[in-house]
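> Structure for the following, please:
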Amino acid sequence: MNHNQVAGWQHTLAFFESELFHDVQMAGLFSDSKTFADAIPVESWQAALEAYPKLREQPTFCLRKFVHEHFNLPPPVSLTSRQKFNRTGEYIEHMWKVLGQRPDIADNSSLIPLPHPYIVPGGRFREIYYWDSYFTALGLMHDGHRGIVVSMLKNFLAIQEQVGSIPNGNRSYYLGRSQPPILALMFELLEPESLSEELAKRCLAGIEREYEFWMVGAKTLGEGESYRRVVAMPDGSILNRYYDENTTPRPESYKEDIEAAQQVTDKKQFFRDLRAACESGWDFSSRWLADPQMLTTVRTTQIVPIDLNALLYHVELTLAKYTTDTGNKAAMYRQAAEKRQQAINHYLWSKSDGFYYDWCLADNARTRIASLAATVPMFTGMASKAQSNAVASTLSSFIAPGGLVTTLNKTQQQWDAPNGWAPLQWFAIKGLLNYQYTNQARDIAQRWVNCVDAYFSHHHSILEKYNVEDTGVPAGGGEYEVQLGFGWTNGVYVKCQQLLHELN
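Below is the predicted model of the structure:
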């Protein structure tokens, strides 16, 4: 890791703990806390921090003026165009260009520079996001932009080689957490045999490094113990959870976290659980809440999630398939996958309900939150035929006019009903196809395409998420306004169109 880069990130992380950062965020100068977290100091972080306590004592001091004199504020990625597109295909092709970013130049901000071009989601999301990128890549590959997908893969490997993991996004404030592990999925999407030998080896090393990141501490746990992202279940089986190294407010949602924490006794654990939910990508959902209607009851680190463990099963099988050394590594990974599958079937599968659920460590029982995370075992091919049949049957409860709702709970959180999200539609559709539930997959894909088309016909844009229960009403919930763009929706929409063309 470059020494200057480390020093720069340490400066930004220290800045996020400073009195100046606290005062600006709590003053509500910006409607979105992420704006100031992404600011670029005119001179340096240190210069701003040194000037602040001196200048604020002056009777004419204005905090807003101070910020604008000492920082350059980042504009959102512009997603509006003077040109209105009447066809989604033309719009998406245009958006690939709009969302495209050149290799970064270090700018003394919270941005961790990436050496290759990449695609951002759009709007307030000015940086690459880890699990978003797989679903975005589905559309990029279909539309003939394989080169940018290779570049994004190389960026993930580059940042992983620098910091030891693939963070949530390329910002210093994301370094404490990752996101659902999709490096192996991107590797397969690019067809490993078509990659150069050097890049293929680098990818496999990266997938192995990612697996080690998720499994740190696994060998030392006793029954019922947990450490970072690993959990030893009551019988000693090892499964995984989401986590974050930090126990402070999220810089990008600082004011929101501080205000919510006023109602909480253990603030450090509260902040960690919020951050861990962000690692899941489902920020936020009733999946993580003891009371589905109260964010203050978040307990993400107490939840053993079905989707994460199904994805890690796929990582283990990928390593078993492509490991070429002469030792027992391939067999070790295959055995690890088999043990994980057994543990999932024991703890996360409800035979009586015919559905996968998360496990709550605090309750020592499966949760009762039915969610689309249950389709990921089908997506990764881990489910038996009987399990897939039961899950496919239960999915009928999730079907809405515009696709699948995220959970069966209606809450104020954006990863619950009535919202539908592109990545979860794809997990379900591809999972159903893996087990030959073609008609059901086609029906969901058609509903999703119709939902996106209906909004596009009136507004000439594509959204981050949709209200799939009432497609005429914009999606709500969450900490920020619904974003336009949008990388993963574009990608999954394109793949659903392709699927419908092939099946009709």
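> contacts, neighbours, all on C-alpha from now
Fine.
> Export the one helix or strand residue 140 maps to to PDB, keeping only CA atoms.
Assessed by DSSP states H and E, residue 140 sits inside helix 130-142. This file holds the C-alpha atoms of helix 130-142, laid out as PDB (Å, rounded to 0.1, in the frame of the first residue of the first chain):
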ATOM      1  CA  TYR A 130     -19.200  -3.100  -5.000                       C
ATOM      2  CA  TRP A 131     -22.300  -5.300  -5.300                       C
ATOM      3  CA  ASP A 132     -24.100  -2.800  -7.500                       C
ATOM      4  CA  SER A 133     -21.400  -3.300 -10.100                       C
ATOM      5  CA  TYR A 134     -22.300  -7.000 -10.800                       C
ATOM      6  CA  PHE A 135     -25.800  -6.100 -11.800                       C
ATOM      7  CA  THR A 136     -24.700  -3.100 -13.800                       C
ATOM      8  CA  ALA A 137     -22.200  -5.400 -15.600                       C
ATOM      9  CA  LEU A 138     -25.000  -7.700 -16.700                       C
ATOM     10  CA  GLY A 139     -26.300  -4.900 -18.900                       C
ATOM     11  CA  LEU A 140     -22.900  -3.600 -19.900                       C
ATOM     12  CA  MET A 141     -22.000  -7.000 -21.200                       C
ATOM     13  CA  HIS A 142     -25.200  -7.400 -23.100                       C
END
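> Tell me which residues of that helix come out buried.
For helix 130-142, the neighbour count (16 or more other CA atoms under 10 Å) marks 130-141 as buried.
> Repeat that for stretch 247-264.
Going by neighbour count (16+ other CA under 10 Å), the buried part of stretch 247-264 is 247-258, 261.
> same thing with stretch 232-244?
The neighbour-count criterion (16+ other CA under 10 Å) identifies 232-233, 237-244 as the buried residues of stretch 232-244.
> can I get those in JSON lines with distance to residue 225, secondary structure and pLDDT?
Shown next, in JSON lines, are the buried residues of stretch 232-244 (distance: CA to CA, whole Å; DSSP: H, G, I helix; E, B strand; the rest coil; pLDDT from 0 to 100):
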{"residue": "232", "distance to residue 225": "5", "secondary structure": "strand", "pLDDT": "98"}
{"residue": "233", "distance to residue 225": "7", "secondary structure": "coil", "pLDDT": "97"}
{"residue": "237", "distance to residue 225": "11", "secondary structure": "coil", "pLDDT": "97"}
{"residue": "238", "distance to residue 225": "10", "secondary structure": "strand", "pLDDT": "98"}
{"residue": "239", "distance to residue 225": "11", "secondary structure": "strand", "pLDDT": "98"}
{"residue": "240", "distance to residue 225": "12", "secondary structure": "strand", "pLDDT": "98"}
{"residue": "241", "distance to residue 225": "12", "secondary structure": "coil", "pLDDT": "98"}
{"residue": "242", "distance to residue 225": "15", "secondary structure": "coil", "pLDDT": "98"}
{"residue": "243", "distance to residue 225": "15", "secondary structure": "coil", "pLDDT": "98"}
{"residue": "244", "distance to residue 225": "17", "secondary structure": "coil", "pLDDT": "97"}
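> and of these, the nearest to residue 402?
Here the nearest of those to residue 402, counting by CA to CA, is residue 242; it sits at 29.6 Å.
> Please determine how far the residue of the chain positioned farthest from its centre is located from residue 28.
No residue in the chain sits farther from the centre than residue 59, which is 45.2 Å out by CA atoms, centre = their mean. Distance of residue 59 to residue 28, given as CA to CA, to the nearest Å: 21 Å.
> Report the buried residues of stretch 461-477.
Within stretch 461-477, judged by 16+ other CA under 10 Å, the buried ones are 461-469, 471, 475-477.
> what about the strands in the stretch 201-350 of the chain?
226-227, 230-232, 238-240, 303-304, 349-350 (DSSP state E, counting those that start in this stretch).
> Include distance to residue 357 when you put those strands into TSV, please.
Formatted as TSV, the strands of the stretch 201-350 of the chain follow (distance: least, CA to CA, whole Å):
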stretch	distance to residue 357
strand 226-227	19
strand 230-232	16
strand 238-240	14
strand 303-304	9
strand 349-350	6
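> Let me know which of those is the nearest to residue 378.
Nearest to residue 378, of the strands of the stretch 201-350 of the chain and by CA to CA, is strand 349-350 at 12.7 Å.
> packing partners for that closest one?
strand 355-356 (3 or more CA pairs under 8 Å, 6 or more residues apart in numbering; DSSP states H and E).
> just checking, what packs against the helix ranked longest in the chain?
Ordering each helix of the chain by length in residues (DSSP state H) puts helix 438-459 first. Where contact means 3+ CA pairs under 8 Å, 6+ apart, helix 438-459 is packed against strand 403-404, helix 422-434, helix 487-503.
> Can you name the residues in contact with it?
For helix 438-459, contacts defined as CA atoms under 8 Å, 6 or more residues apart in numbering pick out 86, 88, 399, 401-404, 425, 428-430, 432-433, 461-463, 466, 468, 471-472, 493, 496-497, 499-500, 503.
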